[in-house]
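Visitor: Need the 3D shape of this:
(chains A and B)
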Amino acid sequence: MLSIKENFLETIKGGHPDRFVKQYEFMDIILEAPMGKNIMPGETIVDDWGVTRSWPEGQIGGFPVHSKDKIVVKDITKWEEYLKVPSAIYPEEDWAAAIARADAVREKGEKYVTAFVAPGIFEHTHHLMSMDEALVAYYEEPECMKAMIDVIVQRELDYAAELIKYIQPEVIFHHDDWGTQRSTFLSPAMFDEFIAPGYQKVYQYYKDNGVKFIVHHCDSFAATLVPAMIEMGIDVWQGAMTTNNLPELIEKYGKDITFMGGIDSGVVDFPDWTRENIYNYTKKICEECGKLYFIPCLSQGLNFSSFEGVYEATDEVIDEVSKELF
Amino acid sequence: MSKLNEVKEMVQKGRTKKIAGVVQEALDAGADAQEILDAMVDTMGDVGDAFSRDEIFVPEMLIAAKAMKLGLEVIEPQLASGAGEKLGKCIIGTVEGDLHDIGKNLVAMMIKSSGFDVIDMGVDVPVDTFIEKIKENPDVKVVAFSGLLTTTMPALKASVEAAKNCDVGNFKVLVGGAPVTEEYADEIGADGYAQDAGSAVTVAKELIASL
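Guide: This next block holds a predicted model:
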């Protein structure tokens, strides 16, 4: 039986895996790394970028609040006046827990030391401005948007240097949602113009500094962005929803990028979830996508589910389907 | 190109900096304010259809709506004095616990562009607040609930149930959002389901036709 890492490598390199990679099993995500002010359930906070975030009790996370008084960049033509970029340098003692965890993961050798980065470059633009205003600004004030994005990218690079200095990640798990279930927010041409260049820089920097794989989370339709993802250096697209026609993408691009997802959280992770329902979706997508360049996974962007037990049940189901199909 | 066609082009291409001037020129050339409004509403309908067909993206739809809004400001004084057909009131909001606004905003924008008076309740709206607003507006024709998270599906269901049982006026309930399907909309008792902002207008118009 292959180890977790060996099986992952065989899967993404088109070799001979002996089972499906089970969701996030190959990554040990070091969430102890300092990332700025953290929001907890039931809280409303102002984060280090000045973005007000609220986490309604019982929900799955914190979301930016965009009432008029809370928007950070109120006028894109004056973004430099409004935007105060937080320092990426955290005190050394803040890294202690992350270093200890990363060392332990490395010593055990079972999984990859993985750093988590969120929000992404595109997300930053709409968190700072509200989605409507940001998307309009991409059209109306492209030069201002590019200048603001350059600053966001530089902050990413500064933080990347810190991650490398302290925990030497082998995998970067990076969030940035680029669309809805059915479409991308930006056209592929605008994505290439505004978003891809920054990611190329950031992901290249990681790879130049010891990172083996880039896993990018985007739980939306993004099939039309796959060529850009490959250019940007993404090795695994996590959150790939079924609306993307994954079998077709695997056939076309599998040698260059692996698709991790196919089990849309929305159809299996709800209050009255059942194991049978998870099994049916999982079996179907595994049969359709095959054994190479595909990792069955909930589309959710971390290794848990919204409703208790769904993530674990999905793991069990993948084991069962592996026994049936391998 | 006629001035009216120019107005249409300004909306379709989202020429936010030019449209006010072109609408004024159309008025000066003798076009009727209602005629200009109809042209802009028709164009937004086309924009919504193009969005539903994945031919254009959210920013294109947003700037088209922004252009229409700016054009509307020019003709509003004439419309206020008598003209201007309205389809009725639509109360819209994202249900309690959910702070997503883009889908709701797009639907509100498209519904408004099609001729409804939209009352946008914002995001994270408690059931009671929706009901109060319905009671304040007994002439409401459509109440639209948005929910983007599986965790807020119970709130969506509760909102639909409360609206259907509130015994005020005569309106239809429309739902939408990422985890929502036609089947789920039926299951929770909604009158209509919209897959996206473009189709929301069609569904809303069908719903009021059945009132």
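
Visitor: Please count neighbours and contacts with C-alpha atoms only from this point.
Guide: Noted.

Visitor: and the lengthiest helix in chain B, how far from the chain's centre?
Guide: Assignment by DSSP state H gives helix B:58-80 as the longest helix of chain B. With C-alpha atoms, centre = their mean, to the nearest Å as the basis, helix B:58-80 stands 13 Å off its chain's centre.

Visitor: repeat for stretch A:112-119
Guide: The answer for stretch A:112-119 is 8 Å, by C-alpha atoms, centre = their mean.

Visitor: what residue ranges in the stretch 151-300 of chain A are flagged as low confidence?
Guide: Nowhere does the stretch 151-300 of chain A drop to pLDDT under 70.

Visitor: same thing but at 90, please
Guide: A:180-183, A:266, A:270-272 (pLDDT under 90).

Visitor: so what's the residue nearest to the spatial centre of chain A bridging to?
Guide: Closest residue to the average C-alpha location of chain A: A:His217 at 2.4 Å, with C-alpha atoms, centre = their mean. With DSSP bridges as the criterion, A:His217 is bridged to A:His175, A:Gln238.

Visitor: which residues does it contact?
Guide: Residues in contact with A:His217 (C-alpha atoms under 8 Å, 6 or more residues apart in numbering or on different chains) are A:173-177, A:237-239, A:301.

Visitor: I'd like to know which of those residues is nearest to B:Phe57.
Guide: A:Asp177 (15.1 Å; C-alpha to C-alpha).

Visitor: Skipping adjacent residues, who's closest to the closest one in space?
Guide: A:Cys218 (4.4 Å; C-alpha to C-alpha, 6 or more residues apart in numbering or on different chains).

Visitor: Got the phi and psi for the nearest residue to A:Phe270 once chain neighbours are set aside?
Guide: Leaving aside its chain neighbours, A:Phe270 sits nearest to B:Thr150 (5.7 Å; criterion: C-alpha to C-alpha, 6+ apart). Here is the backbone geometry of B:Thr150 (degrees, to the nearest 10): phi -60, psi -30.

Visitor: wait, isn't A:Val136 in contact with B:Pro59?
Guide: Yes: look at A:Val136 against B:Pro59 with C-alpha atoms under 8 Å: they come within range, at 5.6 Å.

Visitor: who has more neighbours, these two?
Guide: Between A:Val136 and B:Pro59, counted using other C-alpha atoms under 10 Å in any protein chain shown, the more crowded position is B:Pro59 (23 against 20).

Visitor: so who does that one touch?
Guide: B:Pro59 touches A:132, A:135-136, A:138-139, A:185-186, counting by C-alpha under 8 Å, 6+ apart.

Visitor: how about the residues of chain B near chain A?
Guide: Residues of chain B lying close to chain A by C-alpha under 8 Å from any C-alpha of the partner chain are B:54, B:56-59, B:62-63, B:97-100, B:102, B:149-152, B:178-179.

Visitor: Tell me which other helices or strands the helix or strand that contains B:Val173 touches.
Guide: Assigned by DSSP states H and E, B:Val173 falls within strand B:172-176. Applying 3 or more C-alpha pairs under 8 Å, 6 or more residues apart in numbering or on different chains; DSSP states H and E, we find strand B:172-176 packed against strand B:140-146, helix B:153-164, strand B:192-193, helix B:197-209.

Visitor: Can you tell me which of the ones you listed is most buried?
Guide: Mean neighbour count, computed with mean count of other C-alpha atoms under 10 Å in any protein chain shown, is highest for strand B:140-146 among the helices and strands packed on strand B:172-176, reaching a mean of 26.

Visitor: re earlier: so which pair among the contacts of A:His217 is furthest apart in space?
Guide: Most distant of the contacts of A:His217, by C-alpha to C-alpha, are A:Phe173 and A:Asp177, 12.9 Å apart.

Visitor: that older thread, tabulate the helices and strands packed on strand B:172-176 in TSV, adding columns for mean pLDDT.
Guide: Converted to TSV, these look like this (pLDDT from 0 to 100):
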stretch	mean pLDDT
strand B:140-146	96
helix B:153-164	94
strand B:192-193	96
helix B:197-209	91
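
Visitor: Can you say which of those is nearest to A:Met1?
Guide: helix B:153-164 (41.7 Å).

Visitor: starting at the chain centroid, how far to the closest one?
Guide: 20 Å.

Visitor: Could I have the CA atoms of it written out in CSV?
Guide: Taking C-alpha atoms only, helix B:153-164 is exported to CSV below (Å, rounded to 0.1, in the frame of the first residue of the first chain):
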residue,chain,number,x,y,z
MET,B,153,-31.4,27.1,4.2
PRO,B,154,-33.5,26.6,7.4
ALA,B,155,-33.7,30.5,7.6
LEU,B,156,-34.9,30.5,4.0
LYS,B,157,-37.6,28.0,4.7
ALA,B,158,-38.7,29.9,7.8
SER,B,159,-38.8,33.2,5.9
VAL,B,160,-40.9,31.6,3.1
GLU,B,161,-43.3,30.0,5.6
ALA,B,162,-43.7,33.2,7.6
ALA,B,163,-44.4,35.3,4.4
LYS,B,164,-46.9,32.7,3.1
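
Visitor: what's the closest non-adjacent residue to the residue of chain B most remote from its centre?
Guide: No residue in chain B sits farther from the centre than B:Ala29, which is 30.2 Å out by C-alpha atoms, centre = their mean. Closest residue to B:Ala29 apart from its sequence neighbours, by C-alpha to C-alpha, 6+ apart: B:Lys3 at 7.7 Å.

Visitor: Contacts only, for the one you found.
Guide: Counted by C-alpha under 8 Å, 6+ apart, B:Lys3 has contacts B:22-23, B:25-26, B:29.

Visitor: Return the residues in contact with B:Leu211.
Guide: B:170-172.

Visitor: And for A:Leu9?
Guide: Counted by C-alpha under 8 Å, 6+ apart, A:Leu9 has contacts A:Gly15.

Visitor: again with B:Val23
Guide: B:3, B:7, B:36, B:71, B:74-75.

Visitor: One more: B:Asp117?
Guide: B:86-90 are the contacts of B:Asp117 under C-alpha under 8 Å, 6+ apart.

Visitor: which residues does the closest residue to A:Ser299 other than its chain neighbours contact?
Guide: Using C-alpha to C-alpha, 6+ apart and skipping the chain neighbours, the partner closest in space to A:Ser299 is A:Gly239 (4.0 Å). A:Gly239 makes contacts with A:217-220, A:260-262, A:297-301, as judged by C-alpha under 8 Å, 6+ apart.
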